[in-house]
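Asks: just to be clear, the model below is a prediction. Sequence and coordinates:
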Amino acid sequence: GKTRHYHFDIMYQNVTRLCHSKSMVTVNGQFPGPRVVAREGDNLLIKVVNHVQHNISIHWHGIRQLQTGWADGPAYVTQCPIQTGQRYVYNYTIKGQRGTLFWHAHISWLRSTVYGPLIILPKKNVQYPFAKPHKEVPIIFGEWFNADTEAIIAQALQSGGGPNVSEAYTINGLPGPFYNCSKKDTFKLMVKPGKTYLLRLINAALNDELFFSIANHTLTVVEADAVYVKPFETNTILIAPGQTTNVLLKTKSQYPSAAFLMTARPYATGLGTFDNTTVAGILEYESPSNNHLNRVVSLFKPTLPALNDTSFATNFTNKLRSLASVLFPANVPQKVDKRLFFTVGLGTNPCQKNQTCQGPNGTMFAASVNNVSFTLPTTALLQSHFFGQSRGVYAPYFPSSPLHPFNYTGNPPNNTMVSNGTKVVVLPFNTSVELVMQDTSILGAESHPLHLHGFNFFVVGQGFGNYDPSKDPSNFNLVDPVERNTVGIPSGGWVAIRFLTDNPGVWFMHCHLEVHTSWGLRMAWIVLDGKLPNQKLLPPPADLPKC
Ligand code: C2O
């Protein structure tokens, strides 16, 4: 591979959407941020220089960071943040991965404006498992807030209530024609008839799973979270925050006298407040005679599933299967060394003095894994681990089952209390893990997109109601389950994943709905070094930021 250099200046930029201007944190003044492109096997050196009055860190979402956890990016997990005036070079090699990923800020809510595509092409002379597309187009979904998002989350945490929702969704930073004062801010994709386009879909939205569709066109799903899948056709895609999906778009063979809207809107089963608006872009055919403006006579709009269409969601996710071919095998762990059961959901904390809490019965909102609401330390976990200074930073045990067991299909329990702490699971190198994550449906039935850093995992099973360890494993798919880094735990249901701890370091796992992460729906895994040199975490780079 070759070495590729990028320079990220973290700087303020005035951006206007919906007739609202604000000064916001960006990379190089761009919104969305610059596209990072590399090939499998390349070494990336990305120099990040912080010119703003916020601490920052950047995460390369989905990159495995084999032996290079220091470059992973979550603040207070693998590094101390880059402070104002400081710089840090993220240095990593892309091993055994190719596909669509993205990068984003990984501190507080800065990822609402600091994100961009991360595209890994196959090695030179290696083909896709499908015909070479005419063009490749990244389509990155986000959210636009008129207000400063840092202020929104600070206020929400202070009040113990829910944060304000966004004013709009965006496609490549643009809200589109369905919002007030936004018509000119519409993403337009010009295509030629009779060609195949590879759309690289990325959900960088803060808090919502999205349906996406293009009027009068069928999409063929070929990749999820940078892993090829068995191709299947669909009119609509479901994509959770943290997930990426590649689809092939075959254009019509003749030039049509119409343009076609592409739209995205949330899938939300909860009762809570959320943004239920629709972002739209336009797919338009280039006419060979260049008079297309006159020839477009109509504009078609797609029909998206209902906001709470869980059967669509279940159907769609069940169709995702690994290629499991000779060239792209699915290395599903067949035996299990360590079984874990995590409950995942919302809860409450007692209201602090001097606060006016907006949670149920005057409590403040919290979220937890096995009733532990994870507190970020004031130093970085990875440094503490590497230098053997865990005392006072984290506790090297994590409950292997929920602290308050109950029936997840019955009435919500009256004990919604969580306990706060910085607890981690510690595992030896090359442990084969089976983790079942059960949604508790406490205080809101919502699907939680759980994202694991440092690994891909196989989604071997999923279901609704209570997970039954005596029955459900017999239905697990150990042949061609989808391999990914972010999975939606269905509202009122569970998923079972398997992965091998072949990457030493400290790895964050959290809900990719930013509000739930902020409330504590996060935890960390420590994977110890193996015996061989290529099984050990490398020492930290000299420029690693200090807290
Ligand atoms: Cu894309 Cu820890 O996140």
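Replies: Now that the structure is in, tell me what you want to look at.
Asks: the ligand contacts on the protein?
Replies: Neighbours of the ligand within the chain, by Cβ under 6 Å from any ligand atom: 59, 61, 74, 104, 106, 242, 451, 453, 508, 510, 512. Placement of C-beta: from N, CA and C, glycine included.
Asks: surely the last one is in contact with residue 452?
Replies: In this case it means residue 512. No. Residue 512 is not in contact with residue 452 according to Cβ atoms under 8 Å; the separation is 10.4 Å.
Asks: now do the residue of the stretch 151-300 of the chain found nearest the ligand: how many residues are near it, please.
Replies: Ranked by Cβ to the nearest ligand atom, the top residue of the stretch 151-300 of the chain for proximity to the ligand is residue 242, at 4.9 Å. Neighbour count for residue 242, taken as other Cβ atoms under 10 Å: 28.
Asks: tell me the SS of it?
Replies: Using DSSP: H, G, I helix; E, B strand; the rest coil, the structure places residue 242 in coil.
Asks: for it, give me its contacts.
Replies: Applying Cβ atoms under 8 Å, 6 or more residues apart in numbering to residue 242 gives the contacts 61, 203, 449, 451, 485, 486, 512.
Asks: got any ranges where the stretch 201-350 of the chain has weak pLDDT?
Replies: Applying pLDDT under 70 to the stretch 201-350 of the chain picks out residues 270-273, 288-296.
Asks: all strands in it, in order from the N-terminus.
Replies: 209-214, 219-224, 227-234, 236-239, 244-250, 258-267, 279-285, 298-300, 338-349 (DSSP state E, counting those that start in this stretch).
Asks: do the stretch 1-150 of the chain as well
Replies: Along the stretch 1-150 of the chain, counting by DSSP E, counting those that start in this stretch, strands occupy 3-17, 20-27, 36-39, 43-50, 58-61, 87-93, 99-105, 115-121, 135-144.
Asks: can you lay out these as CSV showing mean neighbour count?
Replies: Output for the strands of the stretch 1-150 of the chain, formatted as CSV (neighbours: other Cβ atoms under 10 Å):
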stretch, mean neighbour count
strand 3-17, 16
strand 20-27, 18
strand 36-39, 18
strand 43-50, 18
strand 58-61, 27
strand 87-93, 20
strand 99-105, 25
strand 115-121, 23
strand 135-144, 21
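Asks: what would the ones you listed look like in a markdown table with distance to residue 342 and mean pLDDT?
Replies: Below are these laid out as a markdown table (distance: least, Cβ to Cβ, whole Å; pLDDT from 0 to 100):
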| stretch | distance to residue 342 | mean pLDDT |
| --- | --- | --- |
| strand 3-17 | 34 | 98 |
| strand 20-27 | 33 | 98 |
| strand 36-39 | 32 | 98 |
| strand 43-50 | 32 | 98 |
| strand 58-61 | 21 | 98 |
| strand 87-93 | 28 | 98 |
| strand 99-105 | 24 | 98 |
| strand 115-121 | 27 | 98 |
| strand 135-144 | 27 | 98 |
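Asks: in the stretch 1-150 of the chain, what residue is nearest the ligand?
Replies: residue 61 (3.7 Å).
Asks: enumerate every residue touching whatever residue of the stretch 301-450 of the chain ends up closest to the ligand.
Replies: Here the stretch 301-450 of the chain gets closest to the ligand at one residue, residue 449, 9.7 Å apart by Cβ to the nearest ligand atom. Listed by Cβ under 8 Å, 6+ apart, the contact set of residue 449 reads 209, 240, 241, 242, 243, 486, 487, 488, 489, 511, 512, 513.
Asks: count the neighbours of the first one for me.
Replies: Residue 209: 25 surrounding residues under other Cβ under 10 Å.
Asks: before we move on, what about the third one?
Replies: Here the count is done by other Cβ under 10 Å, and residue 241 has 26 residues near it.
Asks: what's the closest non-adjacent residue to it?
Replies: Counting by Cβ to Cβ, 6 or more residues apart in numbering, residue 241 lies nearest to residue 512, which is 4.3 Å off, once chain neighbours are set aside.
Asks: run a quick neighbour tally on the one you found.
Replies: Residue 512: 27 surrounding residues under other Cβ under 10 Å.
Asks: then residue 63?
Replies: Residues contacting residue 63 under the criterion other Cβ under 10 Å number 27.
Asks: tell me if I'm right that residue 335 and residue 434 touch.
Replies: No. Applying Cβ under 8 Å as the test, residue 335 and residue 434 come out as separate, 9.6 Å apart.
Asks: more crowded one of these two?
Replies: With neighbours defined as other Cβ under 10 Å, residue 335 and residue 434 compare such that residue 434 has more, 22 against 7.
Asks: pretty sure the more buried one sits against residue 498.
Replies: Yes. Counting by Cβ under 8 Å, residue 498 is a contact partner of residue 434 at 5.1 Å.
Asks: give me the common contacts of these two.
Replies: Common neighbours of residue 434 and residue 498 (Cβ under 8 Å, 6+ apart) are 333, 336, 460.
Asks: out of those residues, who has the most neighbours?
Replies: Within those, most neighbours by other Cβ under 10 Å means residue 460, with 22 neighbours.
Asks: for that one, give me its contacts.
Replies: By Cβ under 8 Å, 6+ apart, the contact list for residue 460 reads 332, 434, 476, 477, 478, 481, 496, 497, 498.
Asks: residue 475 versus that one, what's the distance?
Replies: According to Cβ to Cβ, to the nearest Å, residue 460 and residue 475 sit 9 Å apart.
Asks: and residue 390, what does it touch?
Replies: Contacts of residue 390 by Cβ under 8 Å, 6+ apart are 384, 396.
Asks: which residues touch residue 380?
Replies: 75, 76, 77, 78, 79, 80, 547.
Asks: for the third one, which non-adjacent residue is spatially closest?
Replies: Excluding its sequence neighbours, the residue lying closest to residue 77 (Cβ to Cβ, 6+ apart) is residue 508, at 4.6 Å.
Asks: now what about the helix or strand harbouring the one you found, what contacts it?
Replies: Applying DSSP states H and E as the criterion places residue 508 in strand 505-511. Here strand 505-511 makes contact (Cβ under 8 Å, 6+ apart) with 65, 67, 69, 72, 74, 77-78, 344, 367, 369, 374, 381-382, 385, 424, 448-455, 516-517, 521-527, 537.
Asks: partners of it, with directions?
Replies: Strand 505-511 has the following strand partners under DSSP bridges: strand 448-452 (antiparallel), strand 522-527 (antiparallel).
Asks: so which elements touch the helix or strand just after it?
Replies: Downstream of strand 505-511, the first helix or strand assigned by DSSP H and E is helix 514-519. Using 3 or more Cβ pairs under 8 Å, 6 or more residues apart in numbering; DSSP states H and E, the elements in contact with helix 514-519 are helix 149-159, strand 364-369, strand 505-511.
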